[in-house]
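K.L.:
Structure, please.
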Amino acid sequence: MLNRSGSEAISAKFMDVLQFWHRLEFFSPFDLDKRIEPSERKHIIWLWEDDLQEGLAKLAVYAPPPGKRITSAYLFAGVFSMGEVERFANELAPASDDDDAFEDAERGLPEGRSCFAQFSLGTGFGINFDDIEVSTLPWAMGQCRKTGLNALGHRAYHDSQQRLKDDFRGIRDRASADMEAPLAKATILDVLAALEAWANFELQRGDIPVACVEINLSDAKPGKAKADTLPEDITEASAGDGDVGKTTEDTEIDEAEEPDDLQIGILNSFFITDLEAAMDRVDQGGDLGTLAPYLMAGPEDTPIDLYGPDGADAIMQGLSPELSNRGRWMSPPNNAMSLMQQFAINKVIAMRNGQGLFSVNGPPGTGKTTLLRDIIADNIVARAEILSRYRRASEAFERQKIKYDDGQGHSATVSILKAELTGFGMIVASSNNAAVENISRDLPKASSITAPERFGYLQPVAHKLATQKPDGTFENLPDGDRPWGLIAAALGKKANRRLFRDRVYVPVEAKPEADARDVVSPETIWQWRRSYAGPSFAEASAAFREQSKLVEEETTKAARFAELGNVLAMHTLDSFVTEHRRKFEDAARRVDHAEDEFETSKQIVTALERDLDDLKEEERLLDRQRPVWWSRLLGRPAAQEHRMQAQENADRQIGLRRRLGEARTNADDEKLRQLRLAKATLQQATDDLAAAEDKFRSMEADFQKLNQQGYNLPATGLDDFEQEAVQISGLWHSERLASVSIGVECSPPIGVQKGPLWRCGEQARGGVAFQLAQPTRACVSGVFMPVF
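P.N.:
The predicted structure is shown next:
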């Protein structure tokens with residue numbers, strides 16, 4: 001790197017990765033042959049340049065078979081062989097003669113045909129220039145041949161696309177604006193010429209068709225005398241498009257009409273637009289969110305192999321009950337998550353306040369969607385915790401407001417949620433639209449929950465969304481398909497968003513047919529708001545806090561049970577107090593040693609005292625043997641010897657007295673102090689040993705008490721993780737904790753008083769659920785999730 005700071009280097013790395021990925025996306029081929037595979041629900045008409053008029057004549061008179069109707073039709077223009085791509089690849093990087101050549105050939109491009117663009121066709125098979133998608137592949141090949149690979153980029157692509165838009169506008173103006181008018185030869189040739197000029201890529205028109213028309217069919221609707229040529233999604237989405245029956249409130253939330261400008265989508269890549277947005281974000285120094293750790297290509301922390309030596313400890317720590325989800329999907333309390341389901345849930349929840357990616361992999365039927373439900377429930381409860389701290393509903397919003405004007409006479413004032421209430425949006429995205437819609441449509445169904453009777457969240461609104469038909473009437477759903485609440489909706493494509501808007505916000509005159517099972521009448525969100533009669537915001541907040549307190553208490557018990565289980569599984573009474581017993585025995589030995597030392601010191605004092613007494617007796621005897629005075633005066637030898645003996649005795653007494661003093665000090669002070677200290681240490685060790693024994697017995701008693709309260713312990717030993725029962729039932733599941741967690745879900749939602757937050761709630765048993773502010777839409781690949 002050229003003297004860049006750390007952040008600049010990371011940004012440069014991100015940009016390199018994104019640009020490389022972006023260029024690869026340009027070369028993703030659109031597989032036309034796969035798209036138009038023969039089927040009884042599909043009719044294909046190929047258009048050759050030499051016989052173009054004849055092919056268009058067949059198209060103009062086409063009628064669906066008896067019992068079928070046309071749901072949609074598309075024109076695929078600029079058909080070319082995949083061999084063109086292979087020839088281009090060989091030009092760009094000639095094939096080598098080494099062993100890699102065979103592997104490259106085996107992993108090469110699919111055979112068959114691709115095309116330049118897809119156009120939606122109207123009811124008369126006229127081109128709908130409002131619905132165009134082009135493939136970036138021919139443009140990328142043309143650009144590389146003209147200016148080289150480095151010329152590819154999103155700015156160059158968008159510049160060229162603007163010229164293509166201008167060409168299409170001219171073609172649209174020259175052609176009939178009526179989509180029911182037959183498709184003209186001149187229009188197709190003009191489209192082909194515009195596409196070739198845009199891509200700098202000429203078609204080999206003589207060898208293969210230049211275009212084809214795909215006509216999609218479905219079973220005709222009962223009661224219709226003639227075939228219906230309107231596509232099904234357009235028919236349904238347009239059922240409530242008018243303003244009939246709308247109030248001022250209704251029109252405030254209508255989507256603004258898109259400007260009358262030709263828009264071109266991308267046919268062959270799902271990621272190009274998002275990659276361009278990410279590159280712009282890097283250029284501007286913005287936050288890439290969860291894309292950043294993906295681009296880093298590796299975790300910051302050293303990963304742990306859960307099947308390796310440290311895996312069991314990591315699993316045990318990750319499953320600790322204090323890390324478990326506070327919210328739980330409404331299912332029977334005895335339904336436990338499997339070992340790895342709960343591990344995944346705990347890890348995802350721990351990442352809520354940060355950024356990162358977490359992947360859960362497994363074949364169908366292994367419980368991936370099941371664990372998502374608990375994550376959703378916990379996310380809802382986490383936001384409810386914040387809401388419940390407010391005294392008034394209005395505290396959920398900032399003072400600042402936004403005035404929205406759609407430019408067509410409709411305006412609305414929008415309150416802004418506080419930052420701490422944002423970021424809880426949940427989006428389910430998939431490359432399989434059916435999988436996404438299955439999740440978003442199954443979550444609101446009554447069959448997906450186990451809850452008290454009459455439990456629901458915005459249930460009348462959810463009922464209208466689920467049961468309203470395109471003609472404004474209502475269908476009767478099986479009991480299991482009836483919605484319990486408005487918790488999720490498919491909102492990826494515009495038709496789904498329009499359908500949601502019309503059914504949730506726009507009233508209809510029709511009433512549902514009488515059904516003895518019906519206890520909920522379909523309502524718009526406005527009707528539901530006016531009729532709400534549930535608890536106030538303050539009441540519901542207090543109830544939620546009370547239920548949340550119960551959850552925390554039970555979580556604490558579960559954590560205590562897990563802690564006790566771990567300890568008791570690893571220890572007996574003797575092993576638990578081993579360290580304390582060792583300290584006790586060491587202290588006892590130190591006392592014995594101190595007593596011996598003290599006794600020895602006293603013996604030394606006694607011996608010195610005896611020696612001193614002997615010297616004193618010797619002094620007395622010497623004093624009795626002292627010579628007469630004149631003998632001492634004359635210095636006789638006897639007197640001199642006596643004097644020397646007396647002096648020696650005195651010197652010895654002086655030395656002995658000094659040693660005796662030191663011995664007494666050592667015995668009475670130092671050795672006695674050491675003995676007292678050793679005895680105090682022994683007493684402390686004795687007390688600690690007794691306390692440890694009492695603690696172990698208390699833990700055994702607490703463990704048994706918690707076990708009798710409904711906690712269980714499938715396994716605690718690290719070697720038990722591979723057992724089938726542990727894999728299925730997990731660790732430390734508590735029906736008591738599950739019950740109070742469900743109590744958070746199945747209790748009256750946080751009622752909201754008058755003000756910006758919608759008053760919302762449904763009487764039920766237990767504590768409190770949670771409250772949604774104004775429904776917030778989060779759309780990526782098709783799923784809406786209200787943020788509660």
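
K.L.:
any chance you could map the strands in the stretch 1-150 of the chain?
P.N.:
Counting by DSSP state E, counting those that start in this stretch, the segments of the stretch 1-150 of the chain that form strands are 42-47, 68-77, 80-81, 113-114, 117-121, 127-134.

K.L.:
Could you give the average pLDDT over the last one?
P.N.:
What it means is strand 127-134. Averaged across strand 127-134, pLDDT comes to 90.

K.L.:
Could you do the second one as well?
P.N.:
Per-residue pLDDT over strand 68-77 has a mean of 93.

K.L.:
Now do the host helix or strand of residue 606, average pLDDT.
P.N.:
Taking DSSP states H and E as the definition, one finds residue 606 inside helix 578-624. Averaged across helix 578-624, the pLDDT comes to 88.

K.L.:
So which other helices or strands are in contact with it?
P.N.:
helix 637-665, helix 672-708 (3 or more C-beta pairs under 8 Å, 6 or more residues apart in numbering; DSSP states H and E). Using the backbone N, CA and C atoms, a C-beta is placed for each residue, glycine as well.

K.L.:
The ones you listed: which one's closest to residue 263?
P.N.:
Distances from residue 263 to each of these were compared using C-beta to C-beta; the shortest belongs to helix 672-708, at 62.6 Å.

K.L.:
If you compare the directions of the helix holding residue 606 and helix 637-665, what angle comes out?
P.N.:
On the basis of axes from the mean of the first three to the mean of the last three C-alpha atoms, to 10 degrees, helix 578-624 is oriented at 160 degrees to helix 637-665.

K.L.:
roughly how far out does helix 578-624 sit from the chain middle?
P.N.:
74 Å (C-alpha atoms, centre = their mean, to the nearest Å).

K.L.:
Nearest approach to residue 377 belongs to which of the helices and strands packed on helix 578-624?
P.N.:
Closest to residue 377 of these is helix 672-708 (C-beta to C-beta; 24.6 Å).

K.L.:
what comes up buried for the closest one?
P.N.:
Judged by neighbour count (16 or more other C-beta atoms under 10 Å), helix 672-708 contains these buried residues: 672, 674-675, 678-679, 681-682, 685, 688-689, 692-693, 696, 699, 702-703, 706.

K.L.:
Now do that helix against helix 578-624: the angle between them, please.
P.N.:
Interaxial angle, helix 672-708 versus helix 578-624 (the same axes, to 10 degrees): 160 degrees.

K.L.:
ok now helix 672-708, how far from the chain's centre?
P.N.:
If you compare the mean C-alpha spot of helix 672-708 with that of the full chain, they lie 46 Å apart, counting by C-alpha atoms, centre = their mean.

K.L.:
what packs against that helix?
P.N.:
helix 537-570, helix 573-576, helix 578-624.

K.L.:
which residues touch the closest residue to residue 577 other than its chain neighbours?
P.N.:
With sequence-adjacent residues excluded and distances taken as C-beta to C-beta, 6 or more residues apart in numbering, residue 577 is closest to residue 692, at 4.4 Å. Remark: with contacts taken as C-beta atoms under 8 Å, 6 or more residues apart in numbering, residue 692 is in contact with 576, 577, 580.

K.L.:
Residue 311 too?
P.N.:
304, 305.

K.L.:
Next, count neighbours for residue 572.
P.N.:
Here the neighbour count serves as a burial measure; for residue 572 (other C-beta atoms under 10 Å) it reads 10.

K.L.:
where's it relative to residue 623, distance?
P.N.:
In this structure, residue 572 and residue 623 are separated by 75 Å, where distance is defined by C-beta to C-beta, to the nearest Å.

K.L.:
now do residue 507
P.N.:
As it turns out, when the distance is counted by C-beta to C-beta, residue 507 lies 134 Å from residue 623.

K.L.:
ok, the two, which is more surrounded?
P.N.:
Relative neighbour count places residue 507 above the other of residue 507 and residue 623, with 18 against 11, counting by other C-beta under 10 Å.

K.L.:
Quick check: the more buried one touching residue 527?
P.N.:
Yes. Using C-beta atoms under 8 Å, residue 507 and residue 527 qualify as a contacting pair, with a distance of 6.7 Å.

K.L.:
re the thing from before, could you dump the helices and strands packed on helix 578-624 to CSV with distance to residue 29 and mean pLDDT?
P.N.:
Written out in CSV, the entries for these read as follows (distance: least, C-beta to C-beta, whole Å; pLDDT from 0 to 100):
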stretch, distance to residue 29, mean pLDDT
helix 637-665, 101, 83
helix 672-708, 62, 92
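
K.L.:
Can you check which of the ones you listed gets nearest to residue 331?
P.N.:
helix 672-708 (23.1 Å).

K.L.:
Please find the angle between the direction vectors of that closest one and helix 537-570.
P.N.:
Put simply, helix 672-708 runs at 120 degrees to helix 537-570, going by the same axes, to 10 degrees.

K.L.:
Can you show me the CA trace of stretch 48-58 as CSV?
P.N.:
As requested, C-alpha coordinates have been extracted for stretch 48-58 and formatted as CSV (Å, rounded to 0.1, in the frame of the first residue of the first chain):
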residue,chain,number,x,y,z
TRP,A,48,-36.9,-15.2,-37.8
GLU,A,49,-35.8,-12.1,-39.7
ASP,A,50,-36.6,-13.5,-43.1
ASP,A,51,-40.1,-14.6,-42.0
LEU,A,52,-40.7,-11.9,-39.5
GLN,A,53,-44.0,-10.7,-40.9
GLU,A,54,-45.3,-14.3,-41.0
GLY,A,55,-44.4,-14.9,-37.4
LEU,A,56,-46.0,-11.7,-36.3
ALA,A,57,-49.2,-12.6,-38.1
LYS,A,58,-49.3,-15.9,-36.2
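
K.L.:
what about the residue most central in space within the chain, which helix or strand?
P.N.:
Nearest to the geometric centre of the chain sits residue 348, at 4.9 Å (C-alpha atoms, centre = their mean). When secondary structure is defined by DSSP H and E, residue 348 falls within helix 339-350.

K.L.:
Sort out which residues of that helix are buried, please.
P.N.:
By neighbour count on 16+ other C-beta under 10 Å, the buried set for helix 339-350 is 339, 340, 341, 342, 343, 344, 345, 346, 348, 349.

K.L.:
quick one: the fifth one from residue 439, how far?
P.N.:
Okay, so that is residue 343. Relative to residue 439, residue 343 is positioned 22 Å away (criterion: C-beta to C-beta).

K.L.:
Same check on the third one?
P.N.:
Residue 341 sits at a distance of 16 Å from residue 439 (criterion: C-beta to C-beta).

K.L.:
Also the second one?
P.N.:
Between residue 340 and residue 439 the distance, using C-beta to C-beta, works out to 20 Å.

K.L.:
Could you report the neighbour count for the closest residue to residue 697 other than its chain neighbours?
P.N.:
Residue nearest to residue 697 in three dimensions, not counting chain neighbours: residue 573, with 7.5 Å by C-beta to C-beta, 6+ apart. The burial metric for residue 573, expressed as a neighbour count using other C-beta under 10 Å, is 12.

K.L.:
cool, and residue 611?
P.N.:
Neighbour count for residue 611, taken as other C-beta under 10 Å: 15.

K.L.:
Find the residue closest to it in space, skipping its chain neighbours.
P.N.:
In space, and not counting its chain neighbours, residue 611 is closest to residue 656: 5.6 Å by C-beta to C-beta, 6+ apart.

K.L.:
contacting residues around stretch 130-139?
P.N.:
Identification of contacts with stretch 130-139 by C-beta under 8 Å, 6+ apart yields 25-30, 78, 80, 85, 114-120, 157, 160-161, 164, 168, 195, 198-201, 262-269, 272.

K.L.:
So which bits of it are buried?
P.N.:
The neighbour-count check on stretch 130-139 (16+ other C-beta under 10 Å) flags 132, 133, 134, 135, 136, 137, 138, 139 as buried.

K.L.:
Take these and write them to JSON lines, including distance to residue 542.
P.N.:
Output for the buried residues of stretch 130-139, formatted as JSON lines (distance: C-beta to C-beta, whole Å):
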{"residue": "132", "distance to residue 542": "56"}
{"residue": "133", "distance to residue 542": "54"}
{"residue": "134", "distance to residue 542": "58"}
{"residue": "135", "distance to residue 542": "59"}
{"residue": "136", "distance to residue 542": "57"}
{"residue": "137", "distance to residue 542": "61"}
{"residue": "138", "distance to residue 542": "65"}
{"residue": "139", "distance to residue 542": "62"}
